[in-house]
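Structure for the following, please:
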Amino acid sequence: MEFIEFNNTNIVYENVENTPRTAVYLYLSTEKQTKEGVHTMLGNLLLQGTKTKTAEEIATELENHGIEVTVDSRADFLKVSIICLDEDLEFALNSVNDFMQNSTFETLNKEIFKFKNETTASMDTPSAKASDAYYKELFKGHKYGITNTKILETIDNVTIEDVKNYQKELLSGRKIISVTTGIKDKEKLFNLLTGSLPFMQKNDVEIKYNPAPKNKGNLVKIEKNDAKQAQIFQGWVVDGINTKDCAKLNVLNSLLGGAGLSSRLFVELRYKKGLAYTVEAATKP
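Prediction:
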């Protein structure tokens, strides 16, 4: 794996021989705060039509070429994932460049309506309610605490201008391309990446992330009379991925609950004592 600056663009490159497919990941990040739910709407709208193509046309073109494109939009970053055959890479990159720079966001009201209904339906399960309350409390006062129920409170106030402004903040923030491919001609590949994705050129900007607050422990209890099982989430805010204890934490997580059916928590609480239907542990950067 190599880190390369090419045509004023930061690229992480890895060559995998004898593979006919290329995976490209675009990361855009900003520390600027925006209205609750704006990042969600941006992620939902990017594939919903540009100045020259409808959502149906975009979907049909990508499907006909066997190209997978997904968008993951969070409160402080956007990730666009592209997986395609090597010979379709240029077409895939041009398609992504089109919706990243020319999306109209005209179906915002439709997406808001869809989000409200889907979220309300998904939040009907006890596990979803517990998970939402857990993150909202753990990251209270931080953008990571903006959960779906929090977004529902203000989503009707999101405008197209809000979405466009957040996209501009991402395009002027920190950006990097990660590519894994079997294409051997590196210079041709990098020229294709940077030429097809001009918006990924790096900016002279330093991102200073606000660490998540280490709030005092609180118990949030949601009572549901007809619930047959208890859903329990417990967690702690720990130091970041760049600290010396990160590797130790990942090993501890694997031992306790991150190794699936063989983890210690699962064996002890499920197999030996029958106290839980399932139990697991996870770490998130």
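
Which phi and psi values does Ala23 adopt?
Per-residue torsions, Ala23: phi -120, psi 130 (degrees, to the nearest 10).

Kindly report the same for Lys221.
Phi and psi for Lys221, reported as degrees, to the nearest 10, are phi -120, psi 130.

OK, contacts around it?
Shown in contact with Lys221 (CB atoms under 8 Å, 6 or more residues apart in numbering): no residues. The C-beta positions use only the backbone N, C-alpha and C, and glycine is treated the same way.

For it, give me the pLDDT.
With respect to pLDDT, Lys221 scores 85.

Over to Asp245?
Looking at Asp245, its pLDDT is 83.

So what's the residue count around it?
Asp245 has 11 neighbours, counted by other CB atoms under 10 Å.

Could you do Lys143 as well?
Lys143 is surrounded by 16 other residues when neighbours are defined as other CB under 10 Å.

how about the nearest residue to it, chain neighbours excluded?
Ala75 (4.0 Å; CB to CB, 6 or more residues apart in numbering).

again, but for Glu137
Spatial nearest neighbour of Glu137, excluding adjacent residues (CB to CB, 6+ apart): Val220 at 5.1 Å.

Tell me if I'm right that that neighbour and Tyr134 touch.
Yes. Between Val220 and Tyr134 there is a contact at 7.2 Å, judged by CB atoms under 8 Å.

who has more neighbours, these two?
For Val220 versus Tyr134, the count of surrounding residues by other CB under 10 Å is larger for Tyr134: 17 against 12.

Confirm for me that the more buried one is in contact with Phe233.
Yes. The criterion here is CB under 8 Å, and Tyr134 meets it with Phe233 at 3.8 Å.

Mind checking what secondary structure the spatially most central residue of the chain has?
Nearest to the mean C-alpha position of the chain, counting by CA atoms, centre = their mean, stands Asp72 at 3.6 Å. Following DSSP: H, G, I helix; E, B strand; the rest coil, the label given to Asp72 is strand.

got the contact list for it?
Counting by CB under 8 Å, 6+ apart, the residues that Asp72 touches are Gly43, Leu78, Lys79, Val80, Ser81.
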